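Peer 1: okay, here's the prediction I keep looking at, along with the sequence it came from:
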Amino acid sequence: MPVTLDPARLADPALRPIADKVLATRRLDADDARALYATHDLLGLGMLADFANDRKNGDRVFFSANQHINPTNVCILRNTCVFCSFARMPKEEGNYTRSLEEVFAEAEAARNSPTREFHIVGGLHPKLRLSYYTDMIRGLKERHPHVHIKALTAVEIAHLARIEKCTIREVLVAMKEAGLTSLPGGGAEVFSTAVRATIAERKLTGEEWLAVHREAHQLGIPTNCTMLYGHVETADDRIEHLAALRGLQDETGGFLTYIPLAYHPDNNELGEDLGRVGSATTAYEDLKNIAIGRLFLDNIPHVKTHWPMVTPFLSQVALSFGCDDVEGTVVFERIYHDAGAKTDLGMHYLDLVNLIRGARKRPVERNSLYEVVRDSFDDLAAGVELAGAGAPSVHAA
Ligand code: V47
């Protein structure tokens, strides 16, 4: 049954003119976004986002059978990205760098499993060259030809260009030739210069992050986008960030999905400075950011809830607050667990299907390009292992 929206039923009168715009498919402006951040009518906000999502995606909710792989946690920004708990200096205790053979061995988990995507992100290693990554992508494609590769954030791409003394375009072309499908959306954090000066002083600027994604889109490489919220940023910083993402999407149409990332404060300098250790974002804040992302980013087709960060329970609720996509099976999550996430490291395929069904939505397994891999799950029973071998049958979403 399609979701309906009656502006008169909204408790906060400030939401009613916004509801009129949403009904008329008119774009929200910064003042509207300010009103959405200011409202305490969480359910009203959720109704707006649910309506906007339903109009785009109906009751379908996408998920992927994916495996996260983090080849190294060595990162030259370790001491300046103060929100990150994953990074280590080259000689610091706990640092690791996988050989290609180790990466291939880890990826063997994808054999005889439904996995259709490797999600590969790591640190800015001072010595790993572009060939390490292109050989990795080629080797993974040889071993698992039907698995898509979503690899390296804009920050890692720019770092490789610096190390190789070449252009960002040349790095992207080499990765595409090796078999890259898409780029993940990490590294965006919040674009505001003031916020970046506090949480990620030496990281790529917002403009530079956008330039890498623009270049990828121009080369036909689709990408994701993110916003890291719940630290020192203001509502205006968030709105400016979302407006920049929407602006690039108007230009290129290359973003597939937006993922709001909830800041986790454990085991990092920022969490200690803010006195927030053990106290991540609230469910209220998570749902608000999800819903506002859906409403403001009217040109990005999908909004994904990252269950390792916000829990599978809240992710299920997020499906009625504007999300049409749930992070996948993951297999082994490191970045948020280093920062205090208490969720499981991965999720079984059937549990994902049931999470979506439990929210009265229709699960659709997708690949990295949002092509449908599977949309009928009636023959699945608890404990059934899905065979993933062979070329998948895929049709456009
Ligand atoms: O850029 C790091 C975030 C990102 C913390 O494209 C933290 O589908 C919270 O790229 N608390 C990397 N967040 C992860 C990433 C990603 C994640 C999920 C989906 C996709 C996708 C991409 O992780 C970083 C940063 O924003 N991060 N530390 C922390 N303490």
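Peer 2: It's in.

Peer 1: hey, let's count contacts and neighbours off CA atoms from now on
Peer 2: Fine.

Peer 1: relative to the ligand, how far out is Gly275?
Peer 2: Gly275 sits 14 Å away from the ligand, going by C-alpha to the nearest ligand atom, to the nearest Å.

Peer 1: how many neighbouring residues does that residue have?
Peer 2: 11 (other C-alpha atoms under 10 Å).

Peer 1: now do the one 3 residues further on
Peer 2: In terms of burial, Gly278 registers 14 neighbours under the definition other C-alpha under 10 Å.

Peer 1: now do the contacts for it.
Peer 2: Pro265, Asp266, Gly340 (C-alpha atoms under 8 Å, 6 or more residues apart in numbering).

Peer 1: again, only using 6 Å
Peer 2: Asp266 (C-alpha atoms under 6 Å, 6 or more residues apart in numbering).

Peer 1: can you confirm it is in a strand?
Peer 2: No. Secondary structure of Gly278 (DSSP: H, G, I helix; E, B strand; the rest coil): coil, not part of a strand.

Peer 1: below-threshold pLDDT in this protein: ranges please.
Peer 2: 381-397 (pLDDT under 70).

Peer 1: strands along that one, start to end?
Peer 2: 60-63, 66-69, 117-120, 148-151, 223-229, 255-262, 302-305, 325-326, 362-366, 372-374 (DSSP state E).

Peer 1: contact partners of the third one?
Peer 2: Surrounding strand 117-120, the residues in contact under the criterion C-alpha under 6 Å, 6+ apart are Asn66, Gln67, His68, Ile69, Asn70, Val147, His148, Ile149, Lys150, Ala151.

Peer 1: now with 7 Å?
Peer 2: Contacts of strand 117-120 with the rest of the structure, by C-alpha atoms under 7 Å, 6 or more residues apart in numbering, involve 65-70, 147-152, 367-368.

Peer 1: with the longest one instead?
Peer 2: Under the criterion C-alpha under 7 Å, 6+ apart, residues 222-230, 249, 281, 286, 289-290, 300-305, 309 lie in contact with strand 255-262.

Peer 1: and if we set it to 8 Å?
Peer 2: 185, 217, 222-230, 249, 280-281, 286, 289-290, 293, 300-306, 309-310, 369.

Peer 1: again with the shortest one
Peer 2: Under the contact criterion C-alpha under 8 Å, 6+ apart, strand 325-326 has outside partners Val61, Phe62, Phe63, Ser64, His302, Val303, Lys304, Thr305, His306, Trp307, Ser315, Leu319.

Peer 1: contact partners for the fifth one?
Peer 2: With contact set as C-alpha under 8 Å, 6+ apart, His302 has these partners: Leu256, Thr257, Tyr258, Cys323, Asp324, Asp325.

Peer 1: any idea how far Cys323 lies from Thr311?
Peer 2: According to C-alpha to C-alpha, to the nearest Å, Cys323 and Thr311 sit 14 Å apart.

Peer 1: of the two, who's got more company?
Peer 2: More neighbours surround Cys323 than the other of Cys323 and Thr311, with 29 against 16 (other C-alpha under 10 Å).

Peer 1: that one contacts Asn289, doesn't it?
Peer 2: No. Between Cys323 and Asn289 there is no contact under C-alpha atoms under 8 Å: 10.8 Å.

Peer 1: hey, what's the spatially most central residue of the chain bridged with?
Peer 2: In the chain, the residue lying closest to the centroid (C-alpha atoms, centre = their mean) is Ile259, at 4.0 Å. In this entry, Ile259 is beta-bridged to Thr226, by DSSP bridges.

Peer 1: that older thread, now tabulate the contacts of His302 in CSV and tack on distance to the ligand.
Peer 2: Compiled in CSV, these are given as follows (distance: C-alpha to the nearest ligand atom, whole Å):
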residue, distance to the ligand
Leu256, 9
Thr257, 8
Tyr258, 8
Cys323, 13
Asp324, 13
Asp325, 10
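
Peer 1: widest-spaced pair of these?
Peer 2: Leu256 and Cys323 (13.1 Å; C-alpha to C-alpha).

Peer 1: so which residues on the stretch 101-250 of the chain come close to the ligand?
Peer 2: With C-alpha under 6 Å from any ligand atom as the criterion, the stretch 101-250 of the chain comes near the ligand at residues Pro184, Gly185, Gly186, Gly187, Glu189, Asn224, Leu228.

Peer 1: mind redoing it with 8 Å?
Peer 2: 119, 121, 150, 152-153, 183-189, 223-228 (C-alpha under 8 Å from any ligand atom).

Peer 1: among the strands of the chain, which is nearest Thr193?
Peer 2: strand 223-229 (14.2 Å).

Peer 1: now do that closest one: which elements does it pack against?
Peer 2: Strand 223-229 is packed against helix 206-218, helix 235-252, strand 255-262, with contacts defined by 3 or more C-alpha pairs under 8 Å, 6 or more residues apart in numbering; DSSP states H and E.

Peer 1: redo those as TSV? Include distance to Phe83.
Peer 2: Shown next, in TSV, are these (distance: least, C-alpha to C-alpha, whole Å):
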stretch	distance to Phe83
helix 206-218	17
helix 235-252	17
strand 255-262	11
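
Peer 1: buried members of the contacts of strand 117-120 into ChimeraX, please.
Peer 2: To isolate the buried subset of those in ChimeraX, counting by 16 or more other C-alpha atoms under 10 Å, use the following:
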select :65,66,67,68,69,70,147,148,149,150,151,152,367,368
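
Peer 1: between all of the contacts of strand 117-120, which two are separated the most?
Peer 2: Largest pairwise distance in those, by C-alpha to C-alpha, is 19.8 Å, between Asn70 and Asn367.

Peer 1: quick check: chain neighbours aside, which residue is closest to Glu333?
Peer 2: Leu345 (4.9 Å; C-alpha to C-alpha, 6 or more residues apart in numbering).

Peer 1: test my guess that that neighbour contacts Ile335.
Peer 2: No. Applying C-alpha under 8 Å, one finds Leu345 not in contact with Ile335, separated by 10.3 Å.

Peer 1: between those two, tell me which one has more neighbours.
Peer 2: Of the pair Leu345 and Ile335, Ile335 is the one with more neighbours under other C-alpha under 10 Å, namely 20 against 16.
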